[in-house]
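# Need the 3D shape of this:
(2 chains)
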Amino acid sequence: MYDTADTIAAIATPLGESGIGVIRISGSKAYAVGDAVFKSSSEVPLANRRDRSIQHGMIVSDDGRPIDEVLLLIMKGPHSYTAEDVLEIQCHGGYKALEEILAQVLSHGARLANPGEFTQRAFVNGRIDLAQAEAVMDVIQAKSDQGLTNAVSQLEGRLSKAVGAMRKELTDFITRLEVMIDYPEEDLEDITVPDVAGSIRTQIEALDEMLNASREGRMIRDGVMAAIAGTPNAGKSSLLNCLLQSDRAIVTDVPGTTRDVLEEWISLKGVPVCLVDTAGIRETDDRVEQIGVTKAKSYMDKADITVVVIDRSRPLSEEDKRILAATADKNALIVLNKLDLPAVVGEGDLTAYGHPVLSISASTGEGLEVLKNRLLEQALPRTNQSGSALLTNTRHIELVRQSREALSRALKTMEDGMPVDFAVVDLREAWSLLGSITGDTVHDDIVEEIFSRFCLGK
Amino acid sequence: MFTVDTYDVIVIGAGHAGCEAALASARLGAKTLMATLNLDNIALMPCNPAVGGPGKSHLVREIDALGGEMGINTDKTCLQMRMLNTGKGPAVYSLRAQSDKKLYQMSMTKTLENQDNLDVKQLMITDLLLEDGVVSGVRTELDEVYKAPCVILATGTYLKGKIIIGDCTYSGGPIGQRSAEDLSGSLLKAGIKLMRFKTGTPARVDRRTLRTDEMTKQEGDKDGHAFSFLSERKNRNKACCWLTFTNEETHKIIRDNLDRAPMCNGVIEGIGPRYCPSIESKILRFADKKRHQLFVEPEGESTEEMYVQGMSTSMPADVQYAFLRTIPGLEDVKIMRPGYAIEYDCLDPTQLTPWLETKKIPGLFSAGQANGTSGYEEAAAQGLIAGINAALKVQHKDPFVLTRSEAYIGVLIDDLVTKGTNEPYRIMTSRSEYRLILRQDNADLRLTQKGRDLGLVTDARYEAFTAKKSAIEDGIAALKAVSITPSKDNLAKLEALGTAPIHTALTAYDLLRRDDVNYESLQTVFDLPDLQEDVEEEIEIMIKYEGYISRQMEQVDKMNRLEKKKMPKDIVYADIDTLSAEARQKLDEIRPLSLGQASRISGVSPADITALLILLEQHNRGDK
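Predicted coordinates:
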């Protein structure tokens, strides 16, 4: 929180944005980080390009794969918000792209910014006044009071438990290794390198599993996107209103949500869900309609789940069938609307599409609760059997990733046959990184542990 | 009362802290008085006859690099040396010496008595004298007054010392010495907070009554060693130690007599160290351990007394006899002095600044066991720092403080003054977060220049240091200059070294990274200059562990950014409402010098540090 010399980075645009997303990087290494992840037609290092200029290019992965086409804004210190060298990456919206770019930035020398940290730097570097700085303090103080939704806090409780258990095991190794170092002449059972190495490997696997499963956690934290598809008269709007109405009090008020793409946020069991209405993309002209379908498809591609609304009181239209066909390889849910009217289409008629089918009435609200449960359940990936999907925020993911790296280094040190002292350095680093997840980082713990567990003289 | 004399600095105590304090102060030009209860017991080792070990050897090397005396004196008077931990990494290599106790004392006494600017006197100090809350001198039991603006407490275990053996207790210091009964009261009156700690020693036994054939002989290393960077590395071994173990019978005798153990029946109230427990505590706390190891160590060449390391006890004499005689090798043992526990007053070290002056009373410094530590090396390290700073204060110069990333001395003192201690504090390598940098081999490279700048490092030491430094640079340059191509000739050389072949050209420097070559082996096949042993070692460590060391340097840089942010002297923590209540109270008590120090205080959270960071910025802007 208080290290002001690191280069920090974070997603600067809020949840639920549409057109573009911004990642801000600030600090002395901002341009070096930028050079590592950004490729453009120019070979000139970013630091040498003109202040306040806009650069066009691609963010690429380490193996050269393009991640997203972006614009870079160069704002050199001290004339930037933080008074440090700042780089802003404007990319296409959608948290997948943002997330991937951020991960790439973090793996090239930037550290994830803490809440309020850009503002804090702005103050520390003399860019803003005390009143503004106090506002930052409020943010920092408020952090612990922040009400977390049930779903999130439950996950965090499980995370603390899992990380706590790992850390306990690490404490045990470190203590046993340290006691060998500090009490070389004691009559103690020596811990062997293969003992430790085996367990470290298991820990690395567990952390990998956590990282792989982190997507679900992230969705719970940051929300899922549900595309609502269907012909205009199938009752999409009334379904949307119905969902919004019932949750009006808890509709997420997300700044930056652009109304004209018909996005609305609701909260289902504490998980933010972005409902995207694909309405209005159908035009009478055939060629334009083609474009409309393509666009609807692209929404479905981005969405975590597609809800296809069908009017059960009328026979399936060609357009219904086209939409259904487009969901073939997607995570989708078919909703038969107008349960209050006599049925022409039954649930059985649609099972061939391979998606679950539900019947509701948007006007009476019948079946709505079932739909909400089903929607959430199906939107979240089912990786949770192992109980490993625990990581809900970027800070935790970053800490787990760094812990994993430290453990890998320790393992390599041991496998290379280096003296044990060198492995302890990285074990301790992993131990304290994991501690920053659970909030335990007291250095003396190890010394305490040595005394409480071993009978020592000399 | 009459004023005998006026000094710049008065050191109370002539133990390991007192000796270093007095020497440093006098060597820096301050007119210094060292007061001891007994001139025959200067630099006494009341506990084990050994110097060094993990963390402790690091301290001795640091003291030496700064121009202190402990390393030189140990080299002069030791009976045996061993390098411990050689398989566990160069940062934790630890030298340990068995010392000839009497010789150690005599040699140190000679050094002190011949030091310019230093008077050594036998005095019982009863009062600390203050004028307007500032130190002005001391008074003795004979009502003599010695005036000085700086007084260093190096009182060891002598403040209200109480010896306990079974149900026998009496006031006194170790080995039949007097205790200082009045000084504690004078300190309390001055507003100093005291704690009551306890430590203990084992029995000393007659060497002639040992069955050495039943114990394992432990000899010194054949390789030459030395603590001081000025001493020649040579084999100094003159005596050996003996290793043996307790058994179930030993434990049964102790268990059966626990009701007579002062540790257990309420006689002892002081807090003892967990890392050096008495044998009765070991048996109580680690009931399932079948045996405990002990070393029988010589106390000196001029005596038959042997120290039974690991069997510290305050049990009654008959119990001591009974359990010792169950141990293989000690069946016929005759005790020359029984083991005892000692309780004593010491200062709560959180009352001190990082230069070991009390925050409450300007001019009052404190060092060693009086600050709640244990160990000769810990005491000497603090004594050196207190002595330096008392002299600097007299000369109106800025205090000298070592940071955690510069020295174990920094770790030791920072721990004490920032976190305090609730038991006698012992240094350990695991207490340092920068262990790979704070090695004993590079203590001279880390600290000699600082010692020189202070004025403690002699010309001879400084020349040795600069010569070593440039030899290291030359050695590295020579390694980089040897380019090795994968020629037939070179490949044959590598094969002869028993190391893997190369495919592209590299330098001898690169090759030295491999764990199967060292400088000496490279020298047999490539053209490299002859280097001194210590230079070779240094170069090998620097090259072989470069990656690890540089990563640790980065951590140091990171921490130093916080260390460099200084707290304003006049800051009123109670008024800062962005801090938690606990942080306000702790910060006010410790009064950290830097944000880094503040971050190590228990009860001060990262959010508190952020609040302080913002406050500091406000403060700095206010100054502009």
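
# ok, the residue of chain A found nearest chain B - how many residues close by?
Taking Cβ to the nearest Cβ as the measure, chain A has A:D421 as its residue closest to chain B, at 2.9 Å. Every residue, glycine included, has its C-beta placed from N, CA and C. Other residues within reach of A:D421, judged by other Cβ atoms under 10 Å in any protein chain shown, total 25.

# which one's the longest helix in chain A?
Longest helix in chain A by number of residues, with DSSP state H as the criterion: helix A:150-182.

# picking that back up, could you look up the SS state of the residue of chain A closest to chain B?
For A:D421, the reduced secondary structure class is helix; criterion used: DSSP: H, G, I helix; E, B strand; the rest coil.

# Nearest spatial neighbour of it, chain-adjacent residues omitted?
Counting by Cβ to Cβ, 6 or more residues apart in numbering or on different chains, A:D421 lies nearest to B:G89, which is 2.9 Å off, once chain neighbours are set aside.

# so the one you found makes contact with A:V425?
No: B:G89 lies out of contact with A:V425 (Cβ atoms under 8 Å); the separation is 9.4 Å.

# who touches both of the two?
Overlap between the contact sets of B:G89 and A:V425, as judged by Cβ atoms under 8 Å, 6 or more residues apart in numbering or on different chains, is given by B:L436.

# and B:L438, what does it touch?
Contacts here follow Cβ under 8 Å, 6+ apart; on that basis B:L438 touches B:58, B:91, B:405-408, B:411, B:432, B:446.

# ok, back up a step: I'd say the residue of chain A closest to chain B and B:L436 touch.
Yes: in terms of Cβ under 8 Å, A:D421 counts as a neighbour of B:L436; the distance is 7.3 Å.

# which residues do the two both contact?
Common neighbours of A:D421 and B:L436, counting by Cβ under 8 Å, 6+ apart, are B:89, B:91.

# close to chain A, is stretch B:532-551?
Yes: with Cβ under 8 Å from any Cβ of the partner chain as the criterion, chain A is reached by stretch B:532-551 at B:545, B:548, B:551.

# Could you point out which of the residues you listed is nearest to chain A?
Closest approach between these and chain A, by Cβ to the nearest Cβ: B:Y548, at 5.3 Å.

# secondary structure class for the closest one?
B:Y548 carries the three-state label helix when classified by three-state DSSP.

# quick one on the thing from earlier: and the residue of chain A closest to chain B, what's its pLDDT?
pLDDT for A:D421: 90.

# low-scoring stretches of the stretch 101-250 of chain A, by residue?
Within the stretch 101-250 of chain A, the ranges that satisfy pLDDT under 70 run A:115-116, A:126, A:128-156, A:190, A:215-222, A:245-250.

# Can you list the residue ranges for strands in it?
Per DSSP state E, counting those that start in this stretch, the stretch 101-250 of chain A has strands spanning A:111-112, A:224-230. These are given in chain order.

# Up against chain A, what does the stretch 201-350 of chain B have?
Where proximity means Cβ under 8 Å from any Cβ, the interface of the stretch 201-350 of chain B facing chain A comprises B:245, B:274-277, B:282, B:285-286, B:289, B:291-295, B:309-310, B:312.

# Just the buried ones out of those, please.
Among these, those classed as buried by neighbour count (16 or more other Cβ atoms under 10 Å in any protein chain shown) are B:245, B:274-277, B:282, B:292-295, B:309-310, B:312.

# Farthest pair within those residues?
B:F245 and B:R274 (21.3 Å; Cβ to Cβ).

# Tell me how many other residues surround whichever residue of chain B sits closest to chain A.
Taking Cβ to the nearest Cβ as the measure, the point where chain B comes nearest chain A is B:G89, at 2.9 Å. Counted with other Cβ under 10 Å, the neighbours of B:G89 add up to 24.

# list the contacts for it?
A:418-422, B:436.

# Report the two members of those separated by the largest distance.
For these, with distances taken as Cβ to Cβ, the pair at the greatest spread is A:V420 and B:L436 (12.4 Å).

# quick one on the thing from earlier: quick one: contacts for the residue of chain A closest to chain B?
A:181, B:88-92, B:435-436.

# Helices - which of the residues of the stretch 201-350 of chain B next to chain A land there?
When those are checked against helices using DSSP H, the ones located there are B:282, B:285.

# Break the chain down into its structural domains.
Defaulting to chain A. Using automatic domain parsing, the domain parsing of chain A gives A:8-145, A:150-213+A:389-453, A:219-382.

# other chain: chain B
The record, using automatic domain parsing to delimit domains, assigns chain B the ranges B:2-200+B:344-454, B:204-342, B:467-554, B:564-623.

# Not counting its neighbours along the chain, what's nearest B:K564?
The spatially closest residue to B:K564, leaving aside those adjacent along the chain, is B:S594, at 7.0 Å (Cβ to Cβ, 6+ apart).

# quick one, phi/psi of the one you found?
Main-chain dihedrals, B:S594, degrees, to the nearest 10: phi -130, psi 170.

# Can you tell me how far it is from B:R561?
10 Å (Cβ to Cβ, to the nearest Å).

# what does B:K393 give?
To B:R561, B:K393 is 29 Å away according to Cβ to Cβ.
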